[in-house]
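In: Prediction below, plus the sequence it came from.
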Amino acid sequence: NAGVTQTPKFQVLKTGQSMTLQCAQDMNHNSMYWYRQDPGMGLRLIYYSASEGTTDKGEVPNGYNVSRLNKREFSLRLESAAPSQTSVYFCASMAETEPYGYTFGSGTRLTVV
Amino acid sequence: GENVEQHPSTLSVQEGDSAVIKCTYSDSASNYFPWYKQELGKRPQLIIDIRSNVGEKKDQRIAVTLNKTAKHFSLHITETQPEDSAVYFCAASIGRGTYKYIFGTGTRLKVLA
């Protein structure tokens, strides 16, 4: 029972490089999310997907794009990485029955130099 | 925009004492309030939640209270133990019928043995 799986766990990029963070869930959840976590700032929503085929911006979408490939997978892409995007990224999915809280992936620690 | 304020940012208590973490939200349409515990280097995990039609909820040593009028909700941990040491995040749902949460900035709880 894997839950939410994120890859990679660690990544170092040079400024201007691109990369895609992968996320997959096996709980048959409709809603999926990408958050970033920075010291002293909590978790901030980048993008979310309420269902397959739909995506919407969150609090901090600039510099990111997402794809909801199918019900299981929701990827986050950095087209041209910047040092300000150094962060820990968490993918999450949410059940439509109680409890409604998120199940988070294990996180991706991204450093942009 | 919507906002969740969380206090204190750090909290140290002696083992066996109680700990209280307080949050305030701004969106009057918020109707779901989860709390997450994040141990160092790990993913946030849901520990308790409360819906807007309930004033208090308890689960063993953990309780959450909600005051809708004042837009306050609090986490109470009794008989604290060293394993309670972690960062705790409150969150509030945004708007009606949405599954997005906005998070507080976190409280680092240290339980001193």
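Out: Nice, thanks for sending it over.

In: From here on, just use CA atoms for contacts and neighbour counts.
Out: Will do.

In: Stretch B:4-14 spans what distance, first to last residue?
Out: By C-alpha to C-alpha, to the nearest Å, the extent of stretch B:4-14 from end to end equals 28 Å.

In: Give me the distance between that stretch and the centre of its chain.
Out: 10 Å (C-alpha atoms, centre = their mean, to the nearest Å).

In: So which bits of it are buried?
Out: Neighbour-count burial for stretch B:4-14, counted by 16 or more other C-alpha atoms under 10 Å in any protein chain shown, picks out B:V4, B:E5, B:Q6, B:H7, B:L11, B:V13.

In: Could you point out the helix or strand that follows the helix or strand hosting A:Y33?
Out: Using DSSP states H and E, A:Y33 maps to strand A:31-38. Reading on from strand A:31-38 to the C-terminus, the next helix or strand found by DSSP H and E is strand A:42-49.

In: Any idea what the spatially most central residue of chain A is bridged to?
Out: Nearest residue to the geometric centre of chain A (C-alpha atoms, centre = their mean): A:W34, 2.9 Å. Per DSSP bridges, the residues bridged to A:W34 are A:Y47, A:C91.

In: how about the one residue in chain B that gets nearest to chain A, secondary structure?
Out: Proximity of chain B to chain A (C-alpha to the nearest C-alpha) peaks at B:T105, 4.0 Å away. Judged by DSSP: H, G, I helix; E, B strand; the rest coil, the three-state class of B:T105 is coil.

In: Need the pLDDT of the spatially closest residue to it that is not a sequence neighbour.
Out: Excluding its sequence neighbours, the residue lying closest to B:T105 (C-alpha to C-alpha, 6 or more residues apart in numbering or on different chains) is A:G42, at 4.0 Å. Listed pLDDT for A:G42 reads 88.

In: Could you pull up the residues touching the residue of chain B closest to chain A?
Out: Counting by C-alpha atoms under 8 Å, 6 or more residues apart in numbering or on different chains, B:T105 touches A:G40, A:M41, A:G42, A:L43, B:E5, B:Q6, B:S9, B:F89.

In: can I assume the residue nearest to the centre of chain A is in contact with A:Y48?
Out: Yes. Counting by C-alpha atoms under 8 Å, A:Y48 is a contact partner of A:W34 at 6.2 Å.

In: Name the residues of chain B found near chain A, please.
Out: B:34, B:42-46, B:49, B:89, B:99-100, B:102-106 (C-alpha under 8 Å from any C-alpha of the partner chain).

In: wait, what's in contact with B:V4?
Out: Counted by C-alpha under 8 Å, 6+ apart, B:V4 has contacts B:C23, B:T24, B:Y25, B:S26, B:A91, B:A92, B:I102, B:F103, B:G104.

In: Adding secondary structure, write these out as CSV.
Out: Output for the contacts of B:V4, formatted as CSV (three-state DSSP):
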residue, secondary structure
B:C23, strand
B:T24, strand
B:Y25, strand
B:S26, coil
B:A91, strand
B:A92, strand
B:I102, strand
B:F103, strand
B:G104, coil
